[in-house]
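Trainee: With the sequence up front, the predicted model follows.
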Amino acid sequence: MKLPTPKGLIQIAVIVFVTAIALYFSQAPSEEEAMANIGIEVGKPRGDSAPYVSITQPIIEENEIEVRGTGSIVVRNSVDLVTEVTGRVIWVAPSFKRGGSFKINERLLQIDPKDFQLALAQAKADRQSAESNYQLTKAQSEAAIANYAILNPDAKVPPLVAKTPQLEQAQAQIAAALAREQIAQLDLSRTNFSLPFNGRVVDSQAEIGQLLNRGQKFGEAFDIESIEALVPISPKDLEILQPAVGRKAKVALGNTNFEAFVARVSPNLDERTRFAQLYLKLNNTNNLYPGSFIDVVVKGPKLQDTILLPEAAEQINESIWTVKDGKLTKVVPKFINRQIQGIIVENFNIEEGIVLGTVPGAKEGMAVTTEPN
């Protein structure tokens, strides 16, 4: 058998060296290295002694529930702008454009009032004519009653002689004329278009010279007071907030915070997300615009006899490690609420303390060396 040449031996050695390096770097990191890479504290053993762990002893006290979420600013309802009379536009307010704001009862649009002024004058003349006819009929009735009394003393005057039907007809004519006058007055007032709230214009097609017909839509607006916050919330979070209506909340839009409270809760869950929806009433809506994204914190009830755990105490599957007689004991408390400050859980026996961070090779009954956090 022919032995490899020195050059061949060198090539074989290089191949073996490269393969060894590749195998070394391809090995998965240890549990300790993986935990350290994601910022989770890992207990460190000291020589041959039990693993070294950090523990804490949280206080059993009253803790307030907080439910955090994201939502958006919405408008409860928009209003279609529709004229109640037919006429030509002769004036439009400068603010009556898309994106404009207006005050309550501010004049936004003027329709030519001439036809309506003439109709009102005609209605007034008809009312005066009806009143004059009534006065004439009344005078004739009084004269007829007097003459009948002379000719027929102590006799009851018949209604036809007293012109009672004619008087009633004249009074009805006055009432009808007065109603026509009031209608004409109302139509004239409607040539000045305004809205009974402080609002913003979503859309407007009204221009000077345009003929608007009664009932024709020419724009859209909304009441500033109808602005509210819409926040999706899971059924679990909704349950711990009950009763949710009336709960105080804080709404953050950029660097601005708004006070709010829960005004309503949706009667059913969203078909896609299976989340409920909270509607928050805001204390100030002047600088809010529909469609803005917001962060929300809803204040829930205060729960007695609960524990606020550091996030570092949580282990796999919402369990924690406690230390009893120098050994690990697994506990699965009831998790109630997660907050920035930590996790609120129901009261349980914390023994000598609660372990923070991950313990390598942790198992029930494992001996550990502890140090208070």
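Mentor: Thanks, I have it. Numbering: from 1, shown residues only.

Trainee: and the helix or strand containing Q182, which residues are buried?
Mentor: Element membership for Q182 (DSSP states H and E) is helix 164-189. For helix 164-189, a neighbour-count test (16 or more other C-beta atoms under 10 Å) marks Q166, L167, A170, Q173, I174, A177, L178, R180, E181, A184, D187, L188 as buried. Any C-beta I mention is one placed from the backbone N, CA and C, and that applies to glycine too.

Trainee: Nearest to G353 among these?
Mentor: The nearest member of the buried residues of helix 164-189 to G353, counting by C-beta to C-beta, is D187 at 82.0 Å.

Trainee: My guess is that closest one contacts P113. True?
Mentor: No: when contacts are counted by C-beta atoms under 8 Å, D187 is not listed as touching P113 (9.3 Å).

Trainee: residues in contact with V67?
Mentor: I233, D237, I240, L241, V297, V298, G300, N337 (C-beta atoms under 8 Å, 6 or more residues apart in numbering).

Trainee: I'd like to know which of the residues you listed are part of helices.
Mentor: Among those, the residues falling in helices (DSSP state H) are D237, I240, L241.

Trainee: For the protein, give me the ranges with low pLDDT.
Mentor: Counting by pLDDT under 70, the chain has low-confidence residues at 1-49.

Trainee: how does it divide up, domain by domain?
Mentor: Per automatic domain parsing, the structural domains of the chain span 31-58+310-372, 81-223.

Trainee: Could you tell me the end-to-end distance of the longest one?
Mentor: Yep, that's domain 81-223 we're talking about. Domain 81-223 has an end-to-end distance of 12 Å (C-alpha to C-alpha, to the nearest Å).

Trainee: Where is the longest helix in the protein?
Mentor: Per DSSP H, the chain has its longest helix at helix 114-151.

Trainee: Give the other helices and strands that it contacts.
Mentor: Counting contacts by 3 or more C-beta pairs under 8 Å, 6 or more residues apart in numbering; DSSP states H and E, helix 114-151 is packed against helix 164-189.

Trainee: any idea of the angle the helix it packs on forms with helix 114-151?
Mentor: Interaxial angle, helix 164-189 versus helix 114-151 (axes from the mean of the first three to the mean of the last three C-alpha atoms, to 10 degrees): 160 degrees.

Trainee: Could you give the separation of helix 164-189 from the chain centroid?
Mentor: Relative to its chain's centre, helix 164-189 lies at 49 Å (C-alpha atoms, centre = their mean, to the nearest Å).

Trainee: Next SSE downstream of it?
Mentor: Next element after helix 164-189 (DSSP H and E): strand 192-193.

Trainee: That following strand pairs with which strands?
Mentor: Paired strands of strand 192-193, with direction, are strand 109-111 (antiparallel) (DSSP bridges).

Trainee: From the rest of the structure, what touches the strand it pairs with?
Mentor: By C-beta under 8 Å, 6+ apart, strand 109-111 touches 83, 85, 87-93, 96, 190-193, 206, 212.

Trainee: change it to 7 Å
Mentor: Strand 109-111 has contacts (C-beta atoms under 7 Å, 6 or more residues apart in numbering) with 85, 87-92, 96, 191-193, 206, 212.

Trainee: same thing with stretch 166-180?
Mentor: With C-beta under 7 Å, 6+ apart as the test, stretch 166-180 has contacts from A123, D126, R127, A130, E131, N133, Y134, T137, K138, S141.

Trainee: How many neighbouring residues does the third one have?
Mentor: For R127, the number of neighbouring residues by other C-beta atoms under 10 Å comes to 20.

Trainee: For the stretch 151-300 of the chain, which segments are assigned as strands?
Mentor: 192-193, 199-204, 211-212, 217-223, 227-233, 248-253, 256-265, 276-282, 293-309 (DSSP state E, counting those that start in this stretch).

Trainee: In JSON lines, list the ones you listed along with mean neighbour count and distance to T358.
Mentor: Formatted as JSON lines, these follow (neighbours: other C-beta atoms under 10 Å; distance: least, C-beta to C-beta, whole Å):
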{"stretch": "strand 192-193", "mean neighbour count": "19", "distance to T358": "69"}
{"stretch": "strand 199-204", "mean neighbour count": "20", "distance to T358": "54"}
{"stretch": "strand 211-212", "mean neighbour count": "16", "distance to T358": "72"}
{"stretch": "strand 217-223", "mean neighbour count": "18", "distance to T358": "53"}
{"stretch": "strand 227-233", "mean neighbour count": "22", "distance to T358": "32"}
{"stretch": "strand 248-253", "mean neighbour count": "18", "distance to T358": "33"}
{"stretch": "strand 256-265", "mean neighbour count": "16", "distance to T358": "37"}
{"stretch": "strand 276-282", "mean neighbour count": "21", "distance to T358": "35"}
{"stretch": "strand 293-309", "mean neighbour count": "17", "distance to T358": "15"}
